[in-house]
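Peer 1: pasting a predicted model and its sequence here:
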Amino acid sequence: MQTDSIIPSTITRIIAPTSQCEPIGKILESINPLEKIKQNRLEYQTTGRISLPGISTGYSEIDNSIGGLQAEHLIILAARTGMGKSWVALNLIKNIAIDKQIPTALFSLEMSHKQIINRLISLISKVPLKKINDGTMNDEEFAKVVSAVATIGRSSLMLTDNSKNSTLTEAINNIDIACENDKAQLVIIDHIGLMKTSNKMSENRVVEMGSIVRELKLAAKRTKVPVMGLAQLNRDADKNEPPKLSNLRESGAIEQDADVIMFIHRNNYYNASERPGELDIIIAKNRDGEDNSTVEFSYDECWNIKEKNNTEQGVLAGFDNMGDKQKVQQAGTKPQHQPSNRPVQSPGGQGEQLVMRYKDLNR
């Protein structure tokens, strides 16, 4: 009986006369792919630089593998606890939202605003996080911290209240707001394992995670921005071996629906003497390119991450055309994101007024 009541509504929805189907010729005329292909070819011939289809991560080997963070893509960055997922994500935010002023929305379900900001201060100032938290800085380090705070305040980073993103409906709504009203060109969620479809965790977590991943993919397509979700690996990944797709916790839907899946792996997590200060990012799935490639990185005590095999960080040509949502939209150009300025007291209580912009997406 229930099946009979479901089928007619499903069919009606499928054959409804509101279909958005268009002839391929009309779509080609609207998108004009040949023009962009010609531009990319000319740029490579004249400068030798590769033009990226997506937002540059700031790491050339990653960019060359996945084409940057591409519009409409769902990108998963996964690792087991303690591998440095949040630090890697914050390095991407530094490269994109701070260094290149690309509007980026961070939805953190794990860290408070204070934790996020202090980590960014450490990354930029290169002052260890412990010193920032406990105040044991010398004058030179404090000056660097003050400068880092001002840099963050001028950036294009947006934060949202983590209490407003715990359910899927709230998160999707905030993603839409960030992309439409606040012109975000990149969305990062830390991490999707803390999301739920309702106010209480489902007993069937595999099915629930499948729904979460599909809705995030649909959000990426609808908003035409890349959505990056951080994810946990299951306990099978505890061994000192590079992780595999089968290690993704709670859902094969992640493997199915994600366009790019990258794993973080540190040998020194298991053995401190094995490749200290190094980590690998493994590109396990790449819908538009080669799978199973590994990029080696080094990191310092403040978790500044650099590619080991590249002296030049990032693909400069990619920065020229990254994050332009109008390039994937059929019409219209959205105005540049305008920061809202809020004066706050500088660290140390010395009274300097620094411009900070920590913007809530709550409505």
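Peer 2: All right, it came through fine.

Peer 1: contacts, neighbours, all on C-alpha from now
Peer 2: Noted.

Peer 1: can you verify I50 is assigned to a helix?
Peer 2: No - assignment of I50 by DSSP: H, G, I helix; E, B strand; the rest coil gives coil, placing it outside any helix.

Peer 1: please report the distance of it from Y44.
Peer 2: 6 Å (CA to CA, to the nearest Å).

Peer 1: neighbour count winner among the two?
Peer 2: Set I50 next to Y44 and count neighbours by other CA atoms under 10 Å: I50 wins out with 18 against 14.

Peer 1: phi first, then psi, for that one.
Peer 2: Its backbone dihedrals place I50 at phi -90, psi 130, with angles given as degrees, to the nearest 10.

Peer 1: same deal with T57?
Peer 2: According to degrees, to the nearest 10, the main-chain angles of T57 amount to phi -80, psi -10.

Peer 1: quick one: it and G67 touch, right?
Peer 2: No - no contact is recorded between T57 and G67 when judged using CA atoms under 8 Å, the distance being 9.4 Å.

Peer 1: show me what the strand or helix carrying A231 is in contact with.
Peer 2: Counting by DSSP states H and E, the secondary-structure element that holds A231 is strand 227-232. The contact list for strand 227-232 (CA atoms under 8 Å, 6 or more residues apart in numbering) reads 72-81, 85-86, 186-193, 216-217, 219-220, 248-249.

Peer 1: can you give me the strands in this structure?
Peer 2: Using DSSP state E, the strands of the chain run over residues 74-79, 104-108, 157-159, 186-190, 227-232, 260-265, 278-286, 293-299, 305-307, 342-345, 353-356.

Peer 1: Throw these into TSV and include mean pLDDT, distance to Q115 and mean neighbour count, thanks.
Peer 2: Putting those into TSV (pLDDT from 0 to 100; distance: least, CA to CA, whole Å; neighbours: other CA atoms under 10 Å) gives the following:
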stretch	mean pLDDT	distance to Q115	mean neighbour count
strand 74-79	94	20	26
strand 104-108	92	10	26
strand 157-159	92	12	22
strand 186-190	94	13	25
strand 227-232	93	17	24
strand 260-265	94	21	25
strand 278-286	93	23	21
strand 293-299	92	20	17
strand 305-307	93	19	21
strand 342-345	34	17	13
strand 353-356	35	16	18
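
Peer 1: to S125, which of these lies closest?
Peer 2: Of all these, it is strand 305-307 that lies closest to S125, at 13.8 Å by CA to CA.

Peer 1: the closest one packs against which elements?
Peer 2: Strand 305-307 makes packing contacts with strand 293-299 when contacts are defined by 3 or more CA pairs under 8 Å, 6 or more residues apart in numbering; DSSP states H and E.

Peer 1: what pairs with the strand it packs on, parallel or antiparallel?
Peer 2: For strand 293-299, sheet partners with direction are given as strand 278-286 (antiparallel), strand 305-307 (antiparallel), following DSSP bridges.

Peer 1: out of those strands, flag the one nearest V295.
Peer 2: Among the strands paired with strand 293-299, strand 278-286 comes nearest to V295, with 5.3 Å by CA to CA.
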